[in-house]
Structures are given as structure tokens and as C-alpha cells.
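K.L.:
My questions are about this predicted structure, shown below with the sequence.
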Amino acid sequence: MATMETSPLLQLPSTPLLHLLRLLPHSTLGNLAASCSFLHATIHSSPSLWRRLTLLPTMVATVAVTQSFFALLRRHGRHVTAVRMKMAKGKEVHWNIVQEGQVLGVLALSCPHLRHLAIPYINLGSSNSNYNGSSNYVGNLIKLIVNSLPHLISLEVRQLDAYSAASSAGGLEDLAELQDLTHLALSVLNTRKTEKKLAAVFSKLHNLRKVSLGVSGMFQGSPLIGSAAFLPNLVANNLQLEEVELDMQIKVTSKKKAMMKRRGVTLRQVWGPLGYESTDDEM
């Protein structure tokens, strides 16, 4: 077996080497950097490796691992422009509100140029928007995002859940403060109140170019989002809007479809998970 000193990896020119390193999870990059002085220097002196971060819950599973990860963020955070928090496939390890709050807090402090955020799950059941006795956040994560990362350009929340329809709607209203948003992808609670709150949010945002909206079922018998009443506000207040992607459960009348066509806005309705994958230019 080749040792690290004789590994073919170390013989690669810088361009293909950096390409291979960009394919690795950032947790692995930290371990690889500790394997030899050459890789340590390469990894820690290459801003392109840290521009887009993919984070897994295993990166904050223990105190030691969390501290190591946060140290990497403090070292390289100035280069970070995009963060995608993902679930760990095939493992019984999931993000919880405390971990998400910790990570968002460190991102806000360490990543001044962060403009793109994707988070798999937000639970708005807690209305207490503050910190507990330690550094663990226990409140409304949307409010934390708005306060800590006010200049986000894109935000994706794959599942936005709540213990009550009222708390879900309240959290949605906070999104109106993200005035720089151009891309928004949400999966929201499927109620009439949600529909009204979305209309209010879209009346205050003015730079959206793409919106993806999924619905996550019914809460205690609440009616479906039926009329897409938020669409007129979305189209009228976002002159650069190019595409709207909606869950098939959201009914769009022929009148609203005609309105979107006149404005040159593409409407897509699909079953299943929604959202957009940012291009390299966007990220």
C-alpha cells in the first residue's frame, strides 16, 4: 500500500488535485489536512475549497467533533458564500433545533459573505426566540436567520413544521425582512392561514426571481391551500420574477395562469419534493 509520502494524490498538478479535494466532505478535508504538511498547506491555503459548504449532522454529533468543525469555520469562514445543511443518508443521525441554532450562530459570526443557505428542517413550535443558559438556541430559527443573516440571496427550507398553525404563520411573516432574496424554496404547512401569510410576505419582497413552494399536508383538519391567493402579490411586487414552481395540491386558476403568462413568468406544477439546485454562478 502506498504511504502518504508516495501517494499518487501528492503527484497531481494543483488543478486536478483541487478538483478532487472539492469532491470531499469538509469533515474529511480537516482529517486529510492533518495527514501531511503538503496537504495541510494546500487545503488551508485554497479559498475555493471553502466557498460552498455541505454540512451533515454528524459534524456536530459530539463536543469534540463540534469544536473541531467550528474551529474550521472560524478559520475559513471569510471564504464561505453558500451553505447546504443536509441529512445524513442511511444513518440515524438528524439535525435538531439546538444543533441548527448553534451552526447558524457560528455561520453568522464567522461567514460575513454567506449569501446562500439551504436547511432541511425548521420546527416553529417554539415561540421563545432567545438563547437558554448556554449557547444553545431554542427559539424561532427563521427569526434567527433573519437577524443573523439579513443579506441572504437564496434560502431553501425543505420542511417547515410547527405544533400549531399560528406559530407557523408567525414564523413565515419574518421572511419579509430578507429584502435581498432572489430565490426562495419552502415546504409549508397546508392551511388557509399560511396562504394569507405568504401573500403578506410576497407583498414586501421585491427582488425574487424564482420561488418554489411545496405543502406538507393538513394540520388538524385545516383546509388545503386552494386558490393560490398569494400569486398576484408575488407577481406584482417582484418585477424580475422568472419562474414559480408549485406543488400540484395548490390550485392555480386559468385567470392566474394567464396573468403569469402575460408577465413572462414560467409556472411549473409538480408532485413530490420541490426546490432548486443553485448553479455555480448563483452559488
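P.N.:
Arrived safely. Numbers count the residues shown, from 1 in each chain.

K.L.:
separation between the residue lying closest to Gly77 once chain neighbours are set aside and Val270?
P.N.:
Closest residue in space to Gly77, ignoring its immediate chain neighbours: Ser110 at 3.1 Å, by CB to CB, 6 or more residues apart in numbering. Any C-beta I mention is one placed from the backbone N, CA and C, and that applies to glycine too. Distance of Ser110 to Val270, given as CB to CB, to the nearest Å: 36 Å.

K.L.:
go on, Val63?
P.N.:
To Val270, Val63 is 42 Å away according to CB to CB.

K.L.:
Looking at the two, which one has more neighbours?
P.N.:
Val270 (12 against 8; other CB atoms under 10 Å).

K.L.:
Specify the beta-bridge partners of the more buried one.
P.N.:
Asp247 (DSSP bridges).

K.L.:
what sits against it?
P.N.:
245-248 (CB atoms under 8 Å, 6 or more residues apart in numbering).

K.L.:
in the chain, which helix or strand is least confident?
P.N.:
helix 165-173 (a mean of 59; mean pLDDT, DSSP states H and E).

K.L.:
rewinding a little: and the pLDDT at the residue nearest to Gly77?
P.N.:
Ser110 is assigned a predicted lDDT (pLDDT) of 93.

K.L.:
Tell me how many other residues surround it.
P.N.:
Neighbour number of Ser110 under other CB under 10 Å is 18.

K.L.:
Could you do Leu149 as well?
P.N.:
Based on other CB under 10 Å, the number of other residues close to Leu149 is 19.

K.L.:
Check Ile250 too.
P.N.:
As a burial measure, Ile250 scores 20 neighbours (other CB under 10 Å).

K.L.:
Number the residues from 192 up from this point.
P.N.:
Yep, numbering from 192; the last one is Ile441 now.
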